[in-house]
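Asker: Dropping a prediction and its sequence here:
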Amino acid sequence: MIGIMTSQDDGRVIEANGISLYVEEHGAGVPVLLLHGWPDSARLWRHQVPVLAASGYRVITPDMRGFGRSEHPAEVRSYGLRNVVGDISALLDGLGVQAAHVVGHDWGAAVAWLTAIFCPDRVRTLTVISVPHPLAPPTLRQYEMAWYQLFFQFYGVAEATIEYDDWAWLRTFSRGDGDIDQAIADLSQPGALTASLNWYRANLAPRMPGPAPALPPVTAPTLGIWSTEDHYLDGERMKKSEAFVAGPWRYEEVLGASHWVPVDAPEKLNDLLLDWLRQ
């Protein structure tokens, strides 16, 4: 079932894939879908939306399930990436979009990768920021940087620690980068912090070792972007993602920007996006 339910802020809530998703649309033309990650919402793209809309694109920015103004399912399994890819496909159906340029950051990039892999007919071009292809070989540096993913597995302990003393842990962890005040406001909603951590619990919980899954190559033209001051993801893995892309590949580094490239380097990112989408 897909249908418009209500309106709030500048967007609307759509029932798609059995969940209520908040989504905004701006501009007209070829669709561009912008997918945010943790701990953000569609507000992350506030510097990209007006530029893309003014350049002749229909810009679509949802709050992903469990974030912002979208529904927060209670079950951990609800946040499995295959479910979220289903959200994207159903959302595009609900908006009457067959295929879009797909841009993702952080968890949004992981979803963008898998959408291009499993639903290639929905992706005109792919732009992934920060997060590499899921099969990109890990590095020692990435293991060191990803310590927080294990901490997030401790249900209750992680929540209490993150929000203790006016969210002191999160303020320290983020180094003041990104939309920290907005994130705290969003995560302060009932059940929102647990919902956001359930992305990690559903997809990154420790598992017994085994062979990597067989995935078809990405056929969409793909732009990989990594920022040199990212404290959570190793750029070497983004570079190595080229091996899993059968379509045209381009890699760009954004110098001096933190993990939150859309906020830290909006003009640079906008230039890269416009150049890439126009090709």
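Answerer: Perfect, I can see it now.
Asker: Now do the strands in this protein.
Answerer: Along the chain, the stretches classed as strands by DSSP state E are 3-8, 11-16, 19-26, 30-35, 57-62, 100-105, 123-129, 222-229, 249-258.
Asker: Please produce a markdown table containing those strands, extended by distance to residue 145 and mean pLDDT.
Answerer: Every C-beta, even on glycine, is put in place using the N, C-alpha and C of the backbone. Shown next, in a markdown table, are those (distance: least, C-beta to C-beta, whole Å; pLDDT from 0 to 100):
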| stretch | distance to residue 145 | mean pLDDT |
| --- | --- | --- |
| strand 3-8 | 36 | 39 |
| strand 11-16 | 33 | 94 |
| strand 19-26 | 30 | 97 |
| strand 30-35 | 22 | 98 |
| strand 57-62 | 28 | 98 |
| strand 100-105 | 17 | 98 |
| strand 123-129 | 16 | 98 |
| strand 222-229 | 12 | 98 |
| strand 249-258 | 13 | 97 |
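Asker: for those strands, which one sits closest to residue 140?
Answerer: Closest approach to residue 140 among these (C-beta to C-beta): strand 222-229, 17.2 Å.
Asker: Now do the closest one against strand 123-129, angle only.
Answerer: 10 degrees (axes from the mean of the first three to the mean of the last three C-alpha atoms, to 10 degrees).
Asker: what helices or strands is strand 222-229 leaning on?
Answerer: strand 123-129, helix 235-240, strand 249-258, helix 261-264, helix 266-278 (3 or more C-beta pairs under 8 Å, 6 or more residues apart in numbering; DSSP states H and E).
Asker: quick one, which of those is packed in tightest?
Answerer: strand 123-129 (a mean of 25; mean count of other C-beta atoms under 10 Å).
Asker: just so I know, which of the helices and strands packed on strand 222-229 lies nearest residue 57?
Answerer: Per C-beta to C-beta, nearest to residue 57 of those: helix 266-278, 7.2 Å.
Asker: low pLDDT regions in the protein?
Answerer: 1-9 (pLDDT under 70).
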